[in-house]
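Q: what follows is a predicted structure for the sequence shown.
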There are 4 protein chains.
Amino acid sequence: MKTIKPLREKKNTATLLIHCPDQQGILAIVTEFLNQNKGNIIYLDQHVDRQEKIFYMRVEWELKNFAIPTNKIGEYFETLIATPLQMTWRIYSSNTIPRMALFVSKMPHCLFDILARYTAGEWDVEIPIIISNHETLRPVAERFGIDFHYAPITKENKTEQEASELELLQKNNIDFIVLARYMQILSGDFVDNFPNKVINIHHSFLPAFAGAKPYHAAHERGVKIIGATSHYVTSDLDAGPIIYQDVTRCSHVDTVQSLIRKGRDLEKIVLSQAVYKHLQRKILVFKNRTVVFN
Amino acid sequence: MKTIKPLREKKNTATLLIHCPDQQGILAIVTEFLNQNKGNIIYLDQHVDRQEKIFYMRVEWELKNFAIPTNKIGEYFETLIATPLQMTWRIYSSNTIPRMALFVSKMPHCLFDILARYTAGEWDVEIPIIISNHETLRPVAERFGIDFHYAPITKENKTEQEASELELLQKNNIDFIVLARYMQILSGDFVDNFPNKVINIHHSFLPAFAGAKPYHAAHERGVKIIGATSHYVTSDLDAGPIIYQDVTRCSHVDTVQSLIRKGRDLEKIVLSQAVYKHLQRKILVFKNRTVVFN
Amino acid sequence: MKTIKPLREKKNTATLLIHCPDQQGILAIVTEFLNQNKGNIIYLDQHVDRQEKIFYMRVEWELKNFAIPTNKIGEYFETLIATPLQMTWRIYSSNTIPRMALFVSKMPHCLFDILARYTAGEWDVEIPIIISNHETLRPVAERFGIDFHYAPITKENKTEQEASELELLQKNNIDFIVLARYMQILSGDFVDNFPNKVINIHHSFLPAFAGAKPYHAAHERGVKIIGATSHYVTSDLDAGPIIYQDVTRCSHVDTVQSLIRKGRDLEKIVLSQAVYKHLQRKILVFKNRTVVFN
Amino acid sequence: MKTIKPLREKKNTATLLIHCPDQQGILAIVTEFLNQNKGNIIYLDQHVDRQEKIFYMRVEWELKNFAIPTNKIGEYFETLIATPLQMTWRIYSSNTIPRMALFVSKMPHCLFDILARYTAGEWDVEIPIIISNHETLRPVAERFGIDFHYAPITKENKTEQEASELELLQKNNIDFIVLARYMQILSGDFVDNFPNKVINIHHSFLPAFAGAKPYHAAHERGVKIIGATSHYVTSDLDAGPIIYQDVTRCSHVDTVQSLIRKGRDLEKIVLSQAVYKHLQRKILVFKNRTVVFN
């Protein structure tokens, strides 16, 4: 169903994400490296955490006219810049479209929101597969023309199912996973295969109301604002690095049911916002916290 | 594609929307009328505009055990209550599902958001038809199994096209219209057929940036917050009664393109919020302003 | 320093706050009672918690022309309405100005905000006394012409100090207490003297980050939004009924210091908002949750 | 009354604000200049407006160990960097405390908010004088120990009064002016003396409801959100570069009076936020728009 004209423009750029111990001159060194090799910088943002003394940077430049061949940039950067400055870095080409897998259960709102953006061409992404522990949303996947893989999870078959899911993900060259209200907890072993590459939406303003039934808990506590939180999944439940949060007001008039209804709109926007930032390679993780560039 | 289990519960209720000149005792009279006839009130909200001296009320009660036959409620209410108190009123049965027509052009985000809610059973509504001045979104309509009617508009054919659209709407027993980023201005004559029954989304925080290209204007002005506004359409462009508004922050970093991208999320949520309130019969209009009950 | 012209208008009204088991006709009975006695209703809001089956109501009417003498309203209402309907109720006269005590420590921002509103005549309140465990803010109290009582608290003298504070509060006919960033925990015994009459501001989005140093905890957790919460104090720390909350965005750029700075603006507005609602008698408490009327 | 311990830490830094036509390597050149002269950068933010092709930068570095004497930095920077790169630039030393004049009329809320921050030591600023066209707020000024200058304005005496105000400002070495709900329009001639140095608060979400009585207009239009806008004053009324905006929800329940009440809280926070950014030298103006660094 990818029939609608994409909204995005075609780019030919490389993006570097860097973090390293802070010291004088890093910014000058990196920008000089790009300037000298005729890389026209079209995005640069940097942040220094002065408490931790860590330097973070995202820089994107046009590959046209860049003196270093695209497949050699990593090698040159490692040798000339990264090794001397003890940098942790990743490089991405705008020509490589990331491949995303969706995990869902029964609730369709986040799935619809993502597939609508996908179909409308809002995002530079491929979605080859949807995996679910229920058959409920198969019709949605089918109408959008995406493979739907049914993998029911029980206590007994969990290890086995995760193994076969992993295989499926590898076969599909999946780069990252989005849990679109997937109501199962992934095992630590599974998550270890995708460090900072599994994005979850939790239906509360974390760290408040972690775990099950947050809207019930929020109603019981009588809060005046509810929220939603997107984060990278770690082996620690609902405790991974937070990417984005948003909130909406509620009052004594709200029931658990109306909180759930209001929450759906929050959840889908907050999850899609995180996916978008991830796709733009604007997120760096350090010590269980994120740097999310503008 | 309406294959997913509806989220809403079945009700058997009647809803009264009332406004009238304020005077002592109205609330007591109306609630007494329902109580005496064994109508169990499940929702009541009222508002008095003390400046205009107008009383507004929305009351919903269970029809089970109600002493007056459903098809006679209006007549009895008119005779016993409304006429003596000079009330303007409407009555709705929860058993009558409203029928909505969607008007779209090329942008799919609001359309997708509405169809996702429709398919997921979030709303008590039927959507028999989508009308558009472009073919672009036909594939979306088709995948969701909804009739798509292509009606290109030119200066020359506008009157004629609107006439045939009107016919189509009547044939489909359409109760109200939602303009989901429909980029044509409806004629005053057309709108007169649907007073307070055409909901539009304008992509600015009205009354700022009415008219064309509001994101360009917002960028030019250098505002630090952008917004979206859903309103009933009147013959006065972008000046009808406002139903709902929301905003999001922006900054010097934003381009017109990024404002448009951020705005899409606002637009779809703000429009759907208005449609939901309309479907719940929670909106009263008086002097170009809305009372929107909780 | 109360030299600036008050902003509020003079009223002569009575306000009833009611909650009771829900049943048909309560609203009609109460409004009939007022109508028959020529009480012109100028505010009415009600809420039914359908899960708990509790009816809540706030009604305010003009005493001019009211048939029942002001000092007899309570007795009549109790006999004729409240007893048969098992109501819990309170009545207030607009002619009785509530008397508030402020507890502060070293941070001045909430104190200034409250005294500014007091001096500007924003609120119908008297503030005869400020109590503090530090001398820091005495100059502020003095410039605003309010008695400042220094009561340092140690583990050893706490019971004794609270006893003398209680005496001071009684001597000053204090109706309710506002903890304007008071950094001491009041004993359960002390709080029992003022049920739902001690308002605190906690510098986090409760229930997240209860207890000490919430901004440090928020920074450590890497949240993207911080908040503040005003609530009635109970013997359970930071767990009393929430009155109002607000939030503001933060990011990786923020340090603990900048969170503290941003938080100050939240805290003062959220606290003052709660005090205002309390002064308007718009808050009802039931089962550790608040109904806060509009 | 400046008796409370300041919240700010002592710094010894210089801050450069730059804008110039964008070209490759500017960032590297500026940071190299500071690095070579042993200037430890503690803040750096930059922005490129790719549409206008303008580069903006704010950089702050420690003067301790900096090789160029403080009073020579400007000269060296001009010669070595700014001239070749066609830069517009300003330099500030953290040791120079800016001097601010306050203009007020009758409403005290913004004045109180600013004086509270001043007294609490939130801001690095001196406020030697308050000027007003009414005597109303003299007691406030006096209690905070600040000179109050009464300058009533009429059509006839406006030119004369502004001239004497200008003299007063010069005598007090005033760097910038804050209009804290000053209800007079400054003449273009007066404003020309303080380009991007007069900060106003307008009580609406500009460009909506520019001019007089915006809350009345907002109520009349039936908006669902109201706002406030801080901006630099230009000769074009309410049309200067916007610094900061914020909004709050309203509804049919609100009267003009309650909008005014809600608006006061917005106004004071939005104005103080702008003053804080100005004091931090984080605002650049270009083509009637601001770059406001984080």
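A: Thanks, I have the structure now. Numbers count the residues shown, from 1 in each chain, chains lettered A, B, ... in the order given.

Q: wait, residue A:223 touches residue A:248, no?
A: No. Under the criterion of C-beta atoms under 8 Å, residue A:223 is not in contact with residue A:248, lying 11.2 Å apart. Heads up, the C-betas are built off the backbone N, CA and C, glycines and all.

Q: let's verify residue A:285: helix, strand, or coil?
A: strand (DSSP: H, G, I helix; E, B strand; the rest coil).

Q: test my guess that it contacts residue A:196.
A: Yes. Residue A:285 is within contact range of residue A:196, at 4.9 Å (criterion: C-beta under 8 Å).

Q: what touches both of these two?
A: When contacts are counted by C-beta atoms under 8 Å, 6 or more residues apart in numbering or on different chains, residue A:285 and residue A:196 are jointly contacted by A:232, A:241.

Q: ok, now how distant is residue A:186 from residue D:241?
A: For residue A:186, the distance to residue D:241 equals 49 Å [C-beta to C-beta, to the nearest Å].

Q: sorry, that was for residue A:87
A: The gap separating residue A:87 from residue D:241 is 39 Å, by C-beta to C-beta.

Q: cool, residue A:225 as well?
A: In terms of C-beta to C-beta, residue A:225 sits 33 Å off from residue D:241.

Q: and for residue A:84?
A: Residue A:84 is 43 Å from residue D:241, by C-beta to C-beta.

Q: check residue A:123 too.
A: Between residue A:123 and residue D:241 the computed distance is 34 Å (C-beta to C-beta).

Q: same check on residue A:141?
A: 49 Å.

Q: hang on, residue A:116 in a helix?
A: Yes. Assignment of residue A:116 by three-state DSSP places it within a helix.

Q: so the residue nearest to it when sequence neighbours are not counted, which state does it fall into?
A: In this structure, residue A:116 finds its nearest non-sequential neighbour in residue B:112, 3.5 Å apart by C-beta to C-beta, 6 or more residues apart in numbering or on different chains. What three-state DSSP gives for residue B:112 is helix.

Q: and for residue B:112, the neighbour number?
A: Neighbour count of residue B:112, defined by other C-beta atoms under 10 Å in any protein chain shown: 23.

Q: same check on residue A:28?
A: Neighbour number of residue A:28 under other C-beta under 10 Å is 22.

Q: so it sits against residue D:36, correct?
A: No. Using C-beta under 8 Å, residue A:28 makes no contact with residue D:36, being 9.5 Å away.

Q: got the residues of the stretch 51-200 of chain A near chain B?
A: Contact residues (C-beta under 8 Å from any C-beta of the partner chain) of the stretch 51-200 of chain A with chain B: A:108-109, A:112-113, A:116, A:119-120, A:122, A:136-137, A:139-140, A:143-144.

Q: so which of those residues belong to strands?
A: Among those, DSSP state E puts none in strands.

Q: could you chop chain A up by domain?
A: For chain A, the structural domains run A:13-93, A:99-292, going by automatic domain parsing.

Q: if I look at the residue nearest to residue A:164 when sequence neighbours are not counted, how far off is residue A:143?
A: Take residue A:164 and drop its neighbours on the chain: the residue closest to it by C-beta to C-beta, 6+ apart is residue A:151, 7.1 Å away. In this view, residue A:151 and residue A:143 are 20 Å apart by C-beta to C-beta.

Q: and for residue A:110?
A: Taking C-beta to C-beta, one finds residue A:110 at 16 Å from residue A:143.

Q: out of the two, which sits in the busier spot?
A: residue A:110 (24 against 17).

Q: next up, the contacts around the more buried one.
A: A:104, A:180-181, A:201, A:267-268, A:271-272.

Q: check the stretch 1-150 of chain A for the residue nearest chain C and tell me.
A: Nearest to chain C in the stretch 1-150 of chain A, going by C-beta to the nearest C-beta, is residue A:47, at a distance of 6.0 Å.

Q: which pLDDT value belongs to the residue lying closest to residue A:284 once chain neighbours are set aside?
A: Take residue A:284 and drop its neighbours on the chain: the residue closest to it by C-beta to C-beta, 6+ apart is residue A:291, 4.3 Å away. Model confidence at residue A:291, given as pLDDT, is 98.

Q: separation between the residue lying closest to residue A:26 once chain neighbours are set aside and residue A:49?
A: For residue A:26, ignoring the flanking residues on the chain, the nearest one in space by C-beta to C-beta, 6+ apart is residue A:55 at 5.3 Å. From residue A:55 across to residue A:49, the span is 8 Å (C-beta to C-beta).

Q: mutual contacts of these two, please.
A: residue A:22.

Q: returning to that earlier point: who's more crowded, residue A:223 and residue A:248?
A: residue A:223 (29 against 14).

Q: so that one: helix, strand or coil?
A: Once three-state DSSP is applied, residue A:223 turns out coil.

Q: how far away is residue A:98 from residue A:108?
A: Residue A:98 is 23 Å from residue A:108, by C-beta to C-beta.

Q: which one's more surrounded, the two?
A: residue A:108 (26 against 19).

Q: so what's the residue count around the residue lying closest to that one once chain neighbours are set aside?
A: Closest residue in space to residue A:108, ignoring its immediate chain neighbours: residue B:120 at 4.8 Å, by C-beta to C-beta, 6+ apart. By the criterion of other C-beta under 10 Å, residue B:120 has 21 neighbours.

Q: pretty sure residue B:120 contacts residue A:111?
A: No. Applying C-beta under 8 Å as the test, residue B:120 and residue A:111 come out as separate, 9.5 Å apart.

Q: and residue A:188, how many neighbours?
A: Neighbours around residue A:188, by other C-beta under 10 Å: 11.

Q: how about residue A:233?
A: 26.

Q: for the closest residue in space to it that isn't next to it in sequence, what are its contacts?
A: Spatial nearest neighbour of residue A:233, excluding adjacent residues (C-beta to C-beta, 6+ apart): residue A:198 at 4.0 Å. Contact analysis of residue A:198 by C-beta under 8 Å, 6+ apart lists A:176-179, A:186, A:191, A:232-233.

Q: so which of the residues you listed belong to strands?
A: Short answer: these in strands (DSSP E) are A:176-179, A:232.

Q: now render those as a markdown table, adding distance to residue B:72, neighbour count and pLDDT.
A: What follows is those, written out as a markdown table (distance: C-beta to C-beta, whole Å; neighbours: other C-beta atoms under 10 Å in any protein chain shown; pLDDT from 0 to 100):
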| residue | distance to residue B:72 | neighbour count | pLDDT |
| --- | --- | --- | --- |
| A:176 | 61 | 19 | 98 |
| A:177 | 59 | 24 | 98 |
| A:178 | 54 | 27 | 98 |
| A:179 | 53 | 23 | 98 |
| A:232 | 61 | 23 | 98 |
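
Q: nearest to chain C among these?
A: Looking across the ones in strands among the contacts of residue A:198 and measuring by C-beta to the nearest C-beta, the closest to chain C is residue A:232, at 10.8 Å.

Q: my read is that the closest one contacts residue A:201, right?
A: No. Judged on C-beta under 8 Å, residue A:232 makes no contact with residue A:201 at a distance of 11.6 Å.

Q: for residue A:106, helix, strand, or coil?
A: Residue A:106 ends up coil, using three-state DSSP.

Q: wondering if stretch A:206-214 reaches chain C at all.
A: Yes. Using C-beta under 8 Å from any C-beta, we find that stretch A:206-214 touches chain C at A:206-209.

Q: which non-adjacent residue is nearest residue A:215?
A: residue A:259 (4.4 Å).

Q: what is the burial count for the residue of the stretch 1-150 of chain A closest to chain C?
A: 21.
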